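Student: can you look at this prediction? I've put the sequence above it.
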Protein chains: 2
Amino acid sequence: MSALLLRARGALRTPPTRFAGPLTSSRASITTLPINISSFLTFKPEEPVDDVKVDGYVRSVRAQKRHHFVTIGDGSSLESLQAVVPVDQAEGLTTGAAVRLNGSWVPSQGRGQSHELKVSRAAILGPSDAKTFPIQKKYQTPEFLRTLPHLRPRIPFNTTVLRFRSEIIASLTNFFNSRQFVQTHTPILTASDCEGAGEVFHIVTENERNASAANPVKPFFRRNVYTTVSSQLHLEALAQALGNVWTLSPTFRAEQSDTPRHLSEFYMLEAELTFTDSPDAIMDLLEDMLRHVASNLADSKVVGELLSPISERSPDLAPTEQVARRWRGLTQDQWPRITYTEAINLLEASDVSFTHQPTWGKDLHTEHEKYIATKVGKSCIPVFVTHYPRDIKPFYMKSGDMGTVTPSPGATVECFDLLVPEFCEIAGGSMREHRLENLVEAMQARGLSTKPSEPNSATPQEPVNNLDWYLDLRRWGCPPHGGFGLGFDRLMCYLTGVQTIHDTAAFPRWYGRCDC
Amino acid sequence: MSALLLRARGALRTPPTRFAGPLTSSRASITTLPINISSFLTFKPEEPVDDVKVDGYVRSVRAQKRHHFVTIGDGSSLESLQAVVPVDQAEGLTTGAAVRLNGSWVPSQGRGQSHELKVSRAAILGPSDAKTFPIQKKYQTPEFLRTLPHLRPRIPFNTTVLRFRSEIIASLTNFFNSRQFVQTHTPILTASDCEGAGEVFHIVTENERNASAANPVKPFFRRNVYTTVSSQLHLEALAQALGNVWTLSPTFRAEQSDTPRHLSEFYMLEAELTFTDSPDAIMDLLEDMLRHVASNLADSKVVGELLSPISERSPDLAPTEQVARRWRGLTQDQWPRITYTEAINLLEASDVSFTHQPTWGKDLHTEHEKYIATKVGKSCIPVFVTHYPRDIKPFYMKSGDMGTVTPSPGATVECFDLLVPEFCEIAGGSMREHRLENLVEAMQARGLSTKPSEPNSATPQEPVNNLDWYLDLRRWGCPPHGGFGLGFDRLMCYLTGVQTIHDTAAFPRWYGRCDC
C-alpha cells in the first residue's frame, strides 16, 4: 500500500473531538462527549460510557431474535456506527429513518468494530418507508441516481465527496489569505460575454418571457443580460483596485454538449495577479495552489475516506491506486512546461495513430492532451502547455512568442492550459493584453465592437456584447497582469476519482436537465 | 475616543509582513523587504534602506520646482505612501497611472509620514490621461459613481470595503469550520421558486429568446428554469445527508423596487441545522456567528481603516461613532428575543405616531422595526422578533405558538427576524415543517401544487413551481431542523457604514441596471 494511503488511514486514529455541538441550544450543551458519529468512532474508552446520545440515519438493519443490529450514519463519516437495539425499541428503525438513540457506548462483543452503542431508548424523529426509499444499498447506476439529486447525497461515498468539497474550499481560502490575495464576489448577471462564443443564457422576467411582437413589454434591464461565462473581466477591474484577487464563483454555458467534463452551471476558481509580465508567475501561483491543497489535505480524514479501499467502492469510480497516484503527482515540484509548438512536434513524432491529425494552428483534441499528460507528465505530474496560436484563443490574451519557433511572429499568445492525466484540461490562464491600442486591434480583428454601446440599442435580435467598460480599464493605469481559471468541479473529479462532473456537483444542470 | 477605535488604530502599529510576494516568479522572489504599501507603511527603519521597489497607482501629484510629491496606493491600505520624485523622472506620473518606483525608503523630512520613498527611477507601466480620468479626488455623488462600477473600486475607501468583504468571508469560513459545519455549493439555476412570490428571473437561450408562436424552438431545459431566490430548499436536502451545512451564494429577485436595501443580485449566507427542534438553537448560532465576526475582526487593520476618522470620510457614510457603536453592540451577550405579539403590544403602547398602524396579522413596517431595534435593542444590540403570524410567512415554516398568547392556536410559526438599528432586518430564519402531512397541508392552503409535476408540462404561460422533490425530503427520514438566511450585503452595509447595498456590492444590479 502506498505511503499516502497509509498516512491517510492513520488519520482515522486521531483523538475524538470534544466540544459543544449546536444540537440543541449551544448555550446549554457544553459536553465532553463525542458530538457526532465521526467522533464516536474514534472514542474508545475501556469501560462502558452511559447516557450517550446518537443522532443519525439508519443505513441498514439486521434483525435477530432479541436484538436488531442497526448501522447508523450522520454524514460525518464514511464508516457507520453499530447500534444494538432491543426488539422492543426497534419499531420504525427502517432504512433511511432519522433516529435519536440513547444508550451506552460499550466495547463491542462482535467483530468489525471496537465499540458499539447499546441502545436503551430509540426515538424515530423522521420515519422512512424503507420499501419505497429510492436509495438502495445495492449498485445503482449513476444515470439513475442523477434523477435523484435531492436524495443521492445520502449515499455515504457521496457525502464524503461533499465534505471534501467543503475542506478544499477552506484550504484554498487559507492559501489565498496567506498570500494576501483578496477574495471577491464577482457578478453572475452581466451584459458582457467574456468568451464571445455566444453560448450564454439570457435573463428575462416573467413578463418579458410572455411578451410578443404584438404585445411588447419594457425590459427589466436596459441592456441584454446574461449569466456570466467567466468572472475574468470583472476580476481584472477589481485587481486594478485591490492588487491580487481571486474568486470561486458559479459560471454558466448554454452548451448542448453532454460529456463527463461539461455542465451548464459549474464553479470556476479564478485568480488575477497584477504588476507582473511573467506567464511563469501565473503558472507558479496555480502550481503552488494545487500543491498546497494536496499537501494540506493528503493526511486528512476525508481524503483517507476517499482513498479507502475498504469502502464499498462503486465500479463507476476511478481505481483507488489511480487516485492516490494523482495526489502524489500534485505534490511534485517543478511541473513540466512545454510550448504548444513543442507539443505539436511531440504529437507528430509519436507513433500513435490519432483520430484527429495534430496540426499547428488547430486546438488540441482530448486524445492529444491525454498523450501529452501521459508522456510528458509521466502519468501523474500535471503538465503546462503554453503559447497557443492566437487565432484559437480569446481576444483578451496578450500576444508573445517567447523565443518559440512559430510559423510567423506574433502568431501565439502568452497563455497556458494545465493538463492532468485522465482528465485533461482542468485550468487555463494567460497574460492579458493591457495596452489599449493592442486590445482594440485584437477586438476589431475578431469583429467585436469597440465603440461605447448605448443602453436600449440592443434588441433581442441584436445582442450587444458591451465591452466598452473593459476598454476603460486600459485607459487609466493598467499595469501588465494575468491570471487563470480552474474548473473547480473538474478538480473535484480528479481528486476524488468520480468520473464525471455530473456527480461531483450536488445539483448538476446540463442540456435538458434542471428539475429541482 | 472609544476603546474600539483606539484598539483598531493600534492595529496599525503591528510589525511589517515580510515574506515573498508573487510579483514576478514566486520561485525567485523570496525577500525580507515589504511586499506592498501596507507593509511599507509599518516598516520604520532608522537608517535609509536602498534598492526598494514599490508598485502602485498614483493617487495625487504635487509638483514643486525640483521634486514632485506623489502619493501612491496599491489597494492594500487606505493610507498612501509618499514618494519624492526628481523632476527628470516625473513624466507620466499622472493621477491614476500604474507605476513601478525604485529608490530608497528613508525617514521623512516632512510632516504627515514617518518615512517616504526617495525615487531614483520611475517606470510608467500603465499610463493615465489624468484630464479624462472619471474618478476625481473631490466629492462625487454615489449615483454618479454607480455608473462607473468598473472604476469606483479604486477609491481608497471602496477598496477598504472590498478588502473587508474578503476578511469577513474568511472569518465566517473559520467560524463554520470550527463548528464542523460543511460548506456547500447550492445551485443558482433551479426549477423551484422557494418563496413562491413569482419574482424570479427566467433563464432562456438565445434561440428561445428569439422564438415566437410562429417559430417555436425546443427549450434547452425540459422545465422552466429560474435563477434562485434562496438556497434554503437545496440546503435542506444537503443537511439531511451531511448534518449541519452552510453556503454563501448569490441569490436573485426580479423586484422593481429601488431602495437602499434591495438588489436584483445579492449574496445570502444560509445555514441549516439538523436534529434540533429549538428555534433558540438557530438564533444562538446566528448570534454566535455575528459575535465571532465582530470579536474576530474588531482589532483588524481593515476595521481600523473603516472606522478611521482621519480618512476623508464621504458624507454618504454613516458617522464613525455610529458604526463603532454597531460593532460594540454585536459583541454583547444575550441579544433580546421578543415575540411578534409582544412587539405589536409594544408598538401599540408607544406614543410614536406611525404612518402605518401596527396591527396583529400584518407585517412589520420599516418604521416599526426601527422602533423595536432602538427601544428593545437600546440602539446597538440586535433584536430577535419571533413567532410571526403564519399567514404572512412562507409555506415551509413550522407552526408553533410556544406559549405566546395569539388570536388563535396555530396562528403563528416558529420563525424569527433579526433587526439591527438603522438597517432593520438583516436576517431571518425558522424551523422547517418536517412532517409530510403538515407540509402538504400548508402548501395546499397556499395553492401550491403537491403533485409530481411532469417535465415539459410547463409552457411559458404556465410556470410550474416544481416542489415534489422537496416533499420527497419528508418521505424518508426527515428529522426536525431549521436554519437562517442572512443578507450578506446588508451586513456589509451595517458593519462598514455604507448606506446602501448598491455601494457594498462591487457590481450592483438593480431595476434597469446591469451595464457591464
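Tutor: Yes, it's here. For clarity, every value in this text was computed on a predicted model and none was experimentally measured. Residues are numbered from 1 along each chain as shown, chains lettered A, B, ... in the order given.
Student: now residue A:203: how far from residue A:98?
Tutor: Computed with CB to CB, to the nearest Å, the distance linking residue A:203 and residue A:98 is 38 Å. C-beta here means a position set from N, CA and C on the backbone, and glycine is covered the same way.
Student: CA atoms only for the helix ranked longest in chain A, dumped as CSV, please.
Tutor: In chain A, assigned by DSSP state H, the helix with the most residues is helix A:156-178. C-alpha atoms of helix A:156-178 as CSV (Å, rounded to 0.1, in the frame of the first residue of the first chain):
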residue,chain,number,x,y,z
PRO,A,156,-22.0,7.5,2.2
PHE,A,157,-19.4,8.0,-0.5
ASN,A,158,-21.3,11.0,-2.0
THR,A,159,-21.4,12.5,1.5
THR,A,160,-17.7,12.1,1.7
VAL,A,161,-17.3,13.9,-1.7
LEU,A,162,-19.4,16.8,-0.4
ARG,A,163,-17.4,17.0,2.8
PHE,A,164,-14.2,17.0,0.7
ARG,A,165,-15.6,20.0,-1.3
SER,A,166,-16.0,21.9,1.9
GLU,A,167,-12.5,21.1,3.0
ILE,A,168,-10.9,22.1,-0.3
ILE,A,169,-12.7,25.4,-0.2
ALA,A,170,-11.3,26.1,3.3
SER,A,171,-7.9,25.0,2.2
LEU,A,172,-8.0,27.4,-0.8
THR,A,173,-9.3,30.2,1.4
ASN,A,174,-6.3,29.8,3.7
PHE,A,175,-3.9,29.6,0.8
PHE,A,176,-5.0,32.8,-0.8
ASN,A,177,-5.3,34.5,2.6
SER,A,178,-1.7,33.6,3.5
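Student: from the chain's centroid, how far away is the helix or strand following it?
Tutor: The C-terminal neighbour of helix A:156-178 among helices and strands, as given by DSSP states H and E, is strand A:182-183. Centre-to-centre, strand A:182-183 and its host chain are 19 Å apart (CA atoms, centre = their mean, to the nearest Å).
Student: who's in contact with strand A:182-183?
Tutor: Applying CB atoms under 8 Å, 6 or more residues apart in numbering or on different chains, the external contacts of strand A:182-183 come out as A:173, A:176, A:238, A:242-248, B:75, B:162-163, B:165-166, B:169-170.
Student: in chain A, which spans are helices?
Tutor: Per DSSP H, chain A carries helices over the ranges A:3-10, A:37-41, A:142-145, A:156-178, A:206-210, A:232-242, A:279-297, A:301-306, A:320-330, A:340-349, A:366-375, A:436-445, A:468-475, A:488-496.
Student: how about the longest one and chain B, any contact?
Tutor: Yes: contact check for helix A:156-178 against chain B, using CB under 8 Å from any CB of the partner chain: residues in range are A:158, A:159, A:162, A:163, A:165, A:166, A:169, A:170, A:173, A:177.
Student: buried residues, that helix. List them.
Tutor: Neighbour-count burial for helix A:156-178, counted by 16 or more other CB atoms under 10 Å in any protein chain shown, picks out A:156-177.
Student: where does the prediction get shaky in the stretch 151-300 of chain A?
Tutor: Segments of the stretch 151-300 of chain A classed as low confidence (criterion: pLDDT under 70) are A:195-198.
Student: contacting residues around residue A:113?
Tutor: Residue A:113 touches A:81, A:82, counting by CB under 8 Å, 6+ apart.
Student: what's the distance between it and chain B?
Tutor: Plainly put, residue A:113 is 21 Å away from chain B if you go by CB to the nearest CB, to the nearest Å.
Student: show me how far stretch A:146-163 is from its chain's centre.
Tutor: On CA atoms, centre = their mean, the centre of stretch A:146-163 falls 15 Å from that of its chain.
Student: what's the first-to-last distance across it?
Tutor: 19 Å (CA to CA, to the nearest Å).
Student: quick one on the thing from earlier: for the helices of chain A, give me a markdown table that also has distance to residue A:188.
Tutor: What follows is those, written out as a markdown table (distance: least, CB to CB, whole Å):
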| stretch | distance to residue A:188 |
| --- | --- |
| helix A:3-10 | 36 |
| helix A:37-41 | 34 |
| helix A:142-145 | 28 |
| helix A:156-178 | 18 |
| helix A:206-210 | 18 |
| helix A:232-242 | 10 |
| helix A:279-297 | 23 |
| helix A:301-306 | 29 |
| helix A:320-330 | 30 |
| helix A:340-349 | 32 |
| helix A:366-375 | 29 |
| helix A:436-445 | 24 |
| helix A:468-475 | 17 |
| helix A:488-496 | 15 |
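Student: residue A:163 against residue A:302, yeah?
Tutor: Yes: Residue A:163 is within contact range of residue A:302, at 5.1 Å (criterion: CB atoms under 8 Å).
Student: count the residues that sit near residue A:361.
Tutor: Neighbourhood size, residue A:361 [other CB atoms under 10 Å in any protein chain shown]: 14.
Student: check whether it really touches residue A:389, as I assumed.
Tutor: Yes: applying CB under 8 Å, one finds residue A:361 in contact with residue A:389, separated by 5.1 Å.
Student: for residue A:55, which non-adjacent residue is spatially closest?
Tutor: Nearest non-adjacent residue to residue A:55, counting by CB to CB, 6 or more residues apart in numbering or on different chains: residue B:275, 4.1 Å away.
Student: what separates stretch A:109-121 from the chain centre, distance-wise?
Tutor: So, by CA atoms, centre = their mean, the centroid of stretch A:109-121 is 37 Å from its chain's centroid.
Student: buried residues in it, which are they?
Tutor: Within stretch A:109-121, the residues scored as buried using 16+ other CB under 10 Å are A:115, A:116, A:117, A:118, A:119.
Student: could these be laid out in JSON lines, adding pLDDT and distance to chain B?
Tutor: Below are these laid out as JSON lines (pLDDT from 0 to 100; distance: CB to the nearest CB, whole Å):
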{"residue": "A:115", "pLDDT": "97", "distance to chain B": "21"}
{"residue": "A:116", "pLDDT": "98", "distance to chain B": "21"}
{"residue": "A:117", "pLDDT": "98", "distance to chain B": "16"}
{"residue": "A:118", "pLDDT": "98", "distance to chain B": "21"}
{"residue": "A:119", "pLDDT": "98", "distance to chain B": "16"}
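Student: so which of those sit within strands?
Tutor: A:115, A:116, A:117, A:118, A:119 (DSSP state E).
Student: count of neighbours near the closest residue to residue A:396 other than its chain neighbours?
Tutor: Once flanking residues are discounted, residue A:396 sits nearest to residue A:432: 5.4 Å by CB to CB, 6+ apart. Using other CB under 10 Å, residue A:432 has 25 other residues around it.
Student: any idea what residue A:432 is bridged to?
Tutor: Beta-bridge pairing for residue A:432 (DSSP bridges): residue A:397.
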